[in-house]
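1. generate a structure from the sequence data that follows.
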Amino acid sequence: MRAQGNVTEFILFGLSYDQNIQIFCFIFFLFCYISLLVGNLLILISICSSHLFHQPMYYFLSHLSTMDIYYTSSVTPKLIGDLLTERKTISYGYCMFQIFSVHFFGSIEVFILTAMAFDRYVAICKPLHYMVIMSRKKCNLLVLAAWAGGAAHSFPQLSMTLRLPFCGPNEIDHYFCDIFPLLKIACTDTYTTGLLVVTNSGIIVLVIFIILFVSYAIILWTLRTHSAEGRRKALSTCGSHFTVVVLFFIPAIFSYLRPPTTYTEDKVFALFYTIIAPLLNPIIYTLRNTEMKNAMRKVWCQMIWGKGNLNELH
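-> Predicted coordinates for the structure are as follows:
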């Protein structure tokens with residue numbers, strides 16, 4: 001794949017020019033990436049191997065863990081590898097692939113978080129109709145809608161980027177390919193494209209965040225009539241969800257809901273929604289969830305020690 005113009009590769013500025021900082025970041029992000037893979041795989045295997053898979057909340061969580069792996073893997077391995085090299089380059093084709101995959105898997109994750117919020121709303125506000133509303137067929141439709149939403153968001157982003165001509169500078173002040181840094185070096189007027197990107201990314205993220213915020217406000221209002229134990233359990237679950245939402249959405253809103261330009265802080269905020277939030281998801285969803293911890297303990301003890309030894313332990 002060749003760019004419109006004479007640019008066939010881009011040079012990434014990365015996170016820092018300081019060699020010591022780069023070595024520290026290499027060790028830190030390698031640890032983060034391995035932890036993310038292990039944590040999400042533990043959750044995924046534990047849910048799929050236990051009765052939790054048949055519960056809508058954990059069914060969505062298994063898909064969220066899968067998206068975390070795909071989404072972060074589209075950025076982090078390249079970042080880690082670049083921290084060991086002096087000249088950080090990325091081919092035009094891989095740059096376009098990175099833009100597509102980041103927006104595709106990232107938007108699917110956003111829609112799955114929305115489905116999880118809807119699940120908690122139904123469970124707490126309409127408990128008598130929960131099994132009817134959140135049947136497996138409807139859960140599958142919500143996941144399918146998340147994938148369709150991801151495609152509807154990412155293909156226009158890719159299409160707009162592919163039309164950009166690059167004929168001069170090829171240096172991107174970022175650690176991965178994203179649209180705003182590319183708009184800055186394109187050899188054409190990018191005002192209209194920038195507005196379309198803000199509409200397709202920033203406004204959508206903001207609207208979904210407002211919807212999620214309102215849904216959790218309704219849940220909190222409904223919890224007034226519940227018992228103390230019911231409130232504690234619901235608040236623990238919803239608190240986990242909302243923590244994930246805030247860590248992901250606030251940096252994303254800052255990055256995309258603004259005039260199409262680049263700032264030094266962009267790389268720091270991008271770290272939150274590309275690495276930090278996906279890394280914390282397994283921790284947040286397991287440490288504050290007794291049911292999840294029990295399922296993981298049972299599944300992994302059975303795998304390691306065998307069913308017979310597990311029965312003896314009980």
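2. contacts only, for the nearest residue to L280 once chain neighbours are set aside.
-> Spatial nearest neighbour of L280, excluding adjacent residues (Cβ to Cβ, 6 or more residues apart in numbering): L247 at 6.3 Å. Just so you know, the C-beta spots here come from the backbone N, C-alpha and C atoms, and that holds for glycine as well. Taking Cβ atoms under 8 Å, 6 or more residues apart in numbering, we find L247 in contact with F272, Y273, I276, A277, L280.
3. which member of those is positioned nearest I80?
-> Set against I80, the nearest of these by Cβ to Cβ is I276 (14.8 Å).
4. would you mind measuring from G194 to A186?
-> As for G194, its distance to A186 is 10 Å (criterion: Cβ to Cβ, to the nearest Å).
5. those two - which one has more neighbours?
-> A186 (22 against 18; other Cβ atoms under 10 Å).
6. quick check: the more buried one touching L162?
-> No: counting by Cβ atoms under 8 Å, A186 sits too far from L162 to count as a contact (11.5 Å).
7. contacts only, for L52.
-> Applying Cβ under 8 Å, 6+ apart to L52 gives the contacts S46, Y58, E291, M292, A295.
8. the same query, at a cut-off of 6 Å, please.
-> Y58, A295 (Cβ atoms under 6 Å, 6 or more residues apart in numbering).
9. what's the spacing between it and F209?
-> Distance from L52 to F209, counting by Cβ to Cβ: 27 Å.
10. any stretches of the stretch 201-314 of the chain with poor pLDDT?
-> For the stretch 201-314 of the chain, the stretches flagged by pLDDT under 70 are 230, 237, 260, 262-263, 287-288, 306-314.
11. same thing but at 80, please
-> Within the stretch 201-314 of the chain, the ranges that satisfy pLDDT under 80 run 223-242, 258-265, 285-314.
12. for the stretch 1-150 of the chain, which segments count as helices?
-> Using DSSP state H, counting those that start in this stretch, the helices of the stretch 1-150 of the chain run over residues 19-48, 56-73, 76-82, 92-125, 130-133, 136-162.
13. which of those helices sits most buried?
-> Among these, the stretch with the highest mean neighbour count (mean count of other Cβ atoms under 10 Å) is helix 56-73, at a mean of 23.
14. let me see the mean pLDDT of that helix.
-> For helix 56-73, the mean pLDDT works out to 92.
15. what packs against it?
-> Under the contact definition 3 or more Cβ pairs under 6 Å, 6 or more residues apart in numbering; DSSP states H and E, helix 56-73 sits against helix 19-48, helix 92-125, helix 136-162, helix 277-287.
16. and these as JSON lines, adding distance to H241?
-> JSON lines is the format used below for the helices and strands packed on helix 56-73 (distance: least, Cβ to Cβ, whole Å):
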{"stretch": "helix 19-48", "distance to H241": "14"}
{"stretch": "helix 92-125", "distance to H241": "6"}
{"stretch": "helix 136-162", "distance to H241": "15"}
{"stretch": "helix 277-287", "distance to H241": "9"}
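17. which one of those helices lies closest to H174?
-> Short answer: helix 92-125, nearest of the helices and strands packed on helix 56-73 by Cβ to Cβ, at 10.6 Å.
18. packing partners of the closest one?
-> When contacts are defined as 3+ Cβ pairs under 6 Å, 6+ apart, helix 92-125 packs onto helix 56-73, helix 130-133, helix 136-162, helix 204-222, helix 228-256.
19. let me have these in a markdown table, adding distance to L182 as columns.
-> Listed next are these as a markdown table, based on distance: least, Cβ to Cβ, whole Å:
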| stretch | distance to L182 |
| --- | --- |
| helix 56-73 | 20 |
| helix 130-133 | 43 |
| helix 136-162 | 6 |
| helix 204-222 | 19 |
| helix 228-256 | 14 |
